[in-house]
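1. what follows is a predicted protein model with its sequence.
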Amino acid sequence: IEHIEIRHRLFEDQSFSKPIQRELVRRPEAAGVLLYDSKQQLFALIEQFRIGAIEDKDSAWQLEIVAGLVDEGETAEQTVIREALEEAGTQIENPQFIFSFYPSAGASNELFHLYAADTELSHTNQIFGVMDEAENIRLHVLKYEQLHTLLSQATYLKNSPVIIALQWLAMQCSPAKQ
């Protein structure tokens, strides 16, 4: 965490603000991938314990897309290919880039790169993760017909990458797209 004093340009007259104090959480870039199976109309989410949700009234175990930090010398695409294998036991090729965004620009500089990958999903409820990283990750394979329910119940989805990814998938599955 870095404490910063900064001035920024004002909209009205292009002058600058008074100095303001802010805290910035510096984080490396991250990348995630929504795994889906268009032939079987399935998609995969992972579930794992998250320290940031420790005080969540529903659960500290969060449903998410496969994701991880971009390692030095690695591209975001290489990250999602690696993470899909580590966290979901799924080999993917040529993931489709959707877009990049800041999950919490009010406090962190982390840039998240979102991908999707159409792949065969036949396994579910298996446990994955890198033991050296203390990962204990459960894979859930769900049907497209469950998208609306998941997106409309705030109990299950509480992080921006999974919400954005599932909204993207819902748009792809809409009758106008088929």
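-> Received the coordinates, thanks.

2. what about His113, distance to Phe128?
-> 21 Å (C-beta to C-beta, to the nearest Å). C-betas here are computed from N, CA, C, even on glycine.

3. who has more neighbours, these two?
-> His113 (23 against 20; other C-beta atoms under 10 Å).

4. what does the residue sitting nearest the centre point of the chain show for phi and psi?
-> Central residue of the chain (C-alpha atoms, centre = their mean): Pro161, 3.2 Å from the mean position. In terms of degrees, to the nearest 10, the main-chain angles of Pro161 are phi -60, psi -40.

5. again, but for the one 10 residues further on
-> Geometry field for Met171 lists phi and psi as phi -70, psi -40, criterion degrees, to the nearest 10.

6. isn't there a strand covering Ser122?
-> No. Counting by DSSP: H, G, I helix; E, B strand; the rest coil, Ser122 is not found in a strand; it is coil.

7. from the contact counts, what lies against the helix or strand bottoming out on mean pLDDT in the chain?
-> Of all helical and strand segments in the chain, the minimum by mean pLDDT, DSSP states H and E falls on strand 127-128, at a mean of 86. When contacts are defined as 3 or more C-beta pairs under 8 Å, 6 or more residues apart in numbering; DSSP states H and E, strand 127-128 sits against helix 76-88, strand 137-143.
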